[in-house]
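Provide a 3D model corresponding to the input given below.
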Amino acid sequence: TRVHARGFTLDGLAISRDGGIRESQRHIWRAVQLDWPLLPADAALNSLGAVALSNNASVLGTDLLPAGWIDECASELRSTQVSAVSAHTVNAEATVTITGDAPAVRLLSDSARTQRDSLASVAFVAMLARATLVTSDSVLSLDDITAGSPSCPVWFGDARRTASTNDACTRRWPVVVARHSGETHLTGFTPSQGMLVVNGDLRVDAGVRFAGVLLVNGRLIISHPDTAIPIELLGTVLVRDQSRLGSEVQGPVLIASSRCATRLALAAAGSPSPQRQHGWTERP
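Alright, predicted model coming up:
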């Protein structure tokens, strides 16, 4: 039974028989937690290179949830804010909204960037080892649906929480690895959830709504007209920008921290370990 993003309880039933005539039962349980790789991220948008924000982009360190998630995320809500942007350099136009814990914009020194890059390398290797789906496609459409029943998004889980949404789809938190060495496009309008690990650059098209973790070895590119449908990225975005060409984020776009979406995505890449303070315990 899942009790929160990281914790589960295991229930067991022990049955003993005396000569096949008498039978006794014992109900036992223990607590288990998931341990996942550490992300060198302390903001909603994290980059080891330069970030340029423009055209009414919004980056928030406020803890937000996708629509309809309050019931499953009640125990994961963060009451305080984190920084909105953490990067080596940040250039933000006057139309940009940046809100978060002081400092809302955290600038990384050269030594801090080097240290985080080393930690990011370890995290990327760990996520690759836990991949549930690996693709060389350059375009990932959130609107691609699997055939058969249930009909779920091909690449990710379904982030919609409505009466008509299949539970099997909302429980999916895949770790998707995009191996394309150039630019990977994330496109589509179906609200999606999970973790996306990108080998090259990531371009996010208008209308994308994604909850979870984005890990990008290259740079992040969000560039579209004012009239386009807004983009919404809730969770944690980590950009290594290995080429040091800088990331570009143009609105309308909302990038916001979401503790619950981040932890649920990371849990899919976690390994279970018994909580030391709890062994097998008798159920009443």
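
C-alpha only now, for contacts and for neighbours.
Noted.

Now the strand ranked longest in the chain: buried residues?
Of all the segments of type strand in the chain, defined by DSSP state E, the longest one is strand 22-35. Taking 16 or more other Cα atoms under 10 Å as the basis for neighbour counts, the residues of strand 22-35 that come out buried are 28, 29, 30, 31, 32, 33, 34.

could I have that strand exported to CSV, CA atoms only?
The C-alpha coordinates for strand 22-35 follow below in CSV (Å, rounded to 0.1, in the frame of the first residue of the first chain):
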residue,chain,number,x,y,z
ARG,A,22,-6.4,-26.7,13.0
GLU,A,23,-5.3,-23.5,11.3
SER,A,24,-3.9,-20.3,12.7
GLN,A,25,-3.2,-17.0,10.9
ARG,A,26,-0.9,-14.1,11.7
HIS,A,27,-1.2,-10.7,9.9
ILE,A,28,2.1,-8.9,9.7
TRP,A,29,3.4,-5.7,8.1
ARG,A,30,6.5,-3.6,7.6
ALA,A,31,7.4,-0.2,6.2
VAL,A,32,9.5,0.2,3.1
GLN,A,33,10.9,3.4,1.5
LEU,A,34,12.3,4.2,-1.9
ASP,A,35,15.8,5.6,-2.3
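
Paired strands for it, with orientation please.
Strand 22-35 pairs in its sheet with strand 7-18 (antiparallel), strand 271-274 (antiparallel), strand 281-282 (antiparallel), by DSSP bridges.

could you give the mean pLDDT of it?
Strand 22-35 shows an average pLDDT of 76 in the prediction.

Give me the distance from it to the chain's centre.
Offset of strand 22-35 from its chain centre (Cα atoms, centre = their mean, to the nearest Å): 31 Å.

Helices of the chain, residue ranges please.
For the chain, applying DSSP state H gives helices covering 70-73, 110-129, 167-170, 259-267.

tell me the mean pLDDT for the third one?
The predicted model gives helix 167-170 an average pLDDT of 93.

Then the longest one?
Along helix 110-129, the predicted local confidence has a mean pLDDT of 94.

Show me what counts as buried in that helix.
Judged by neighbour count using 16+ other Cα under 10 Å, the buried positions of helix 110-129 are 113, 116, 117, 119, 120, 123, 124, 126, 127, 128.

can the helices of the chain go into a markdown table with extra columns for distance to residue 15?
Supplementary listing: the helices of the chain in a markdown table, determined by distance: least, Cα to Cα, whole Å:
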| stretch | distance to residue 15 |
| --- | --- |
| helix 70-73 | 34 |
| helix 110-129 | 38 |
| helix 167-170 | 32 |
| helix 259-267 | 32 |
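
among those helices, which is nearest residue 211?
Each of these has some distance to residue 211 by Cα to Cα; the shortest is helix 259-267, at 5.8 Å.

Now do residue 239 against residue 201, distance only.
According to Cα to Cα, to the nearest Å, residue 239 stands 9 Å off from residue 201.

Compare these two (neighbour count), which wins?
residue 239 (28 against 24; other Cα atoms under 10 Å).

Please name the bridge partners of the more buried one.
Beta bridges link residue 239 to residue 47, residue 216, judged by DSSP bridges.

give me the number of residues near the closest residue to residue 128 other than its chain neighbours?
Across the structure, with Cα to Cα, 6 or more residues apart in numbering as the measure, the residue nearest residue 128 apart from its sequence neighbours is residue 177 (6.8 Å). Residues contacting residue 177 under the criterion other Cα under 10 Å number 24.
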